[in-house]
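**Q** Need a 3D model of the following:
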Amino acid sequence: MRAVARVVRILRSFSTQRPSRSLSDIAEAAGLDLGTARRILASLCDEGLAVRDARSKLYRLDLGLLELAGSVTEGGDLRARAQAAVDRVAAETGNTAFFGVRRGREALCLARSEGSAVVLVRWWTLGGRMPMHCGATPKAILAHLPAKDVDAILGGTLEPFTPRSETDPAAIRRELARIRRRGFALASDDVVLGVSGIAVPVFGRSGTLLGALAVACLTAQLGPAARAAAVGTLGREASSIGAEA
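**A** Here you go, the predicted model:
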């Protein structure tokens, strides 16, 4: 079991923001010595789950993980409904759309679809994780979690992505209250400078929080009219996801 935990820590050391990492970075992130990290990475490479670039010497995850992901059945119905809704949002708005769910202290991208805009947002990949204090989707989820869960998440380390990332727990709590009042989260430039997102929470018929549906685009494109249109589209599609849950 200890060996499995080490492998998982290494796999989780990779992220959307850090898709390629050096051996020393991986070892530090996973809490392992260099020799142990090197042996595990060699095995992952042999199994097609990771690859080491011969020129840069950096490691990255490989396509073998996608093969494993295809066999995951938990939440399959939700993923199917979310993907259909995300596809419709992307087609209607022309922008990249996402559906995210909570996984521990992070938000996981469960469905993603690109629109037809000339410039598309590509930073949150399918299966990618984001901390709960940055980005529209994570904040829309965080705003509707039980108070004890919010306390635990905001009581941890809150790292900034950009100079616009908010890391003060008190300020984040005020933002969460605004999200609950207006029914949607708006995040600008806090994950990637020049990129903004709007997200609405998605609830099942019993009132259970399922996740959040979002659209992201260049900040300059998200004026008042575009914002209002996006909120309307997201709200309608969020209802379609929750109606069958």
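
**Q** can you list the domains in this protein?
**A** In terms of domains, the chain is parsed into 2-68, 76-242 (source: automatic domain parsing).

**Q** can those go into CSV with extra columns for mean neighbour count and mean pLDDT?
**A** Any C-beta I mention is one placed from the backbone N, CA and C, and that applies to glycine too. What follows is these, written out as CSV (neighbours: other C-beta atoms under 10 Å; pLDDT from 0 to 100):
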stretch, mean neighbour count, mean pLDDT
domain 2-68, 15, 88
domain 76-242, 19, 91
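
**Q** quick one: Leu44 is in a helix?
**A** Yes. Under DSSP: H, G, I helix; E, B strand; the rest coil, Leu44 falls within a helix.

**Q** Any idea what the nearest residue to it once chain neighbours are set aside is bridged to?
**A** Spatial nearest neighbour of Leu44, chain neighbours left out: Ala50 (3.9 Å); criterion: C-beta to C-beta, 6 or more residues apart in numbering. Ala50 forms beta bridges with Leu61, as assigned by DSSP bridges.

**Q** ok, now which ones touch Ala50?
**A** Leu41, Leu44, Tyr59, Arg60, Leu61, Asp62 (C-beta atoms under 8 Å, 6 or more residues apart in numbering).

**Q** and what of Leu210?
**A** Leu78, Val101, Val202, Phe203, Gly204, Ile241, Gly242, Ala245.

**Q** After the helix or strand containing Cys109, which helix or strand is next?
**A** Here Cys109 sits within strand 106-113, counting by DSSP states H and E. Proceeding N to C from strand 106-113, the next assigned helix or strand is strand 129-131, under DSSP H and E.

**Q** coming back round to it: could you single out the nearest of the contacts of Leu210 to Gly35?
**A** Val101 (36.3 Å; C-beta to C-beta).

**Q** Tell me who's in contact with the residue nearest to Arg9 when sequence neighbours are not counted.
**A** Nearest residue to Arg9, sequence neighbours excluded (C-beta to C-beta, 6+ apart): Ala30, at 3.9 Å. Residues in contact with Ala30 (C-beta under 8 Å, 6+ apart) are Arg6, Arg9, Ile10, Arg12, Ser13, Ala37.

**Q** Among those residues, which pair sits farthest apart?
**A** Most distant of the contacts of Ala30, by C-beta to C-beta, are Arg12 and Ala37, 13.0 Å apart.

**Q** List the beta-bridge partners for the closest residue in space to Leu234 that isn't next to it in sequence.
**A** Residue nearest to Leu234 in three dimensions, not counting chain neighbours: Val200, with 4.5 Å by C-beta to C-beta, 6+ apart. Beta-bridge partners for Val200, by DSSP bridges, are Leu213.

**Q** who are the neighbours in contact with Val200?
**A** Counted by C-beta under 8 Å, 6+ apart, Val200 has contacts Ala140, Gly183, Phe184, Ala185, Ala212, Leu213, Ala214, Val231, Leu234, Gly235, Ala238.

**Q** The protein: strands as residue ranges?
**A** Taking DSSP state E, the strands of the chain run over residues 20-21, 50-52, 59-61, 96-103, 106-113, 129-131, 185-188, 195-203, 209-218.

**Q** got CSV for those, with distance to Pro169 too?
**A** Supplementary listing: those in CSV, determined by distance: least, C-beta to C-beta, whole Å:
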stretch, distance to Pro169
strand 20-21, 29
strand 50-52, 36
strand 59-61, 32
strand 96-103, 18
strand 106-113, 17
strand 129-131, 13
strand 185-188, 17
strand 195-203, 20
strand 209-218, 20
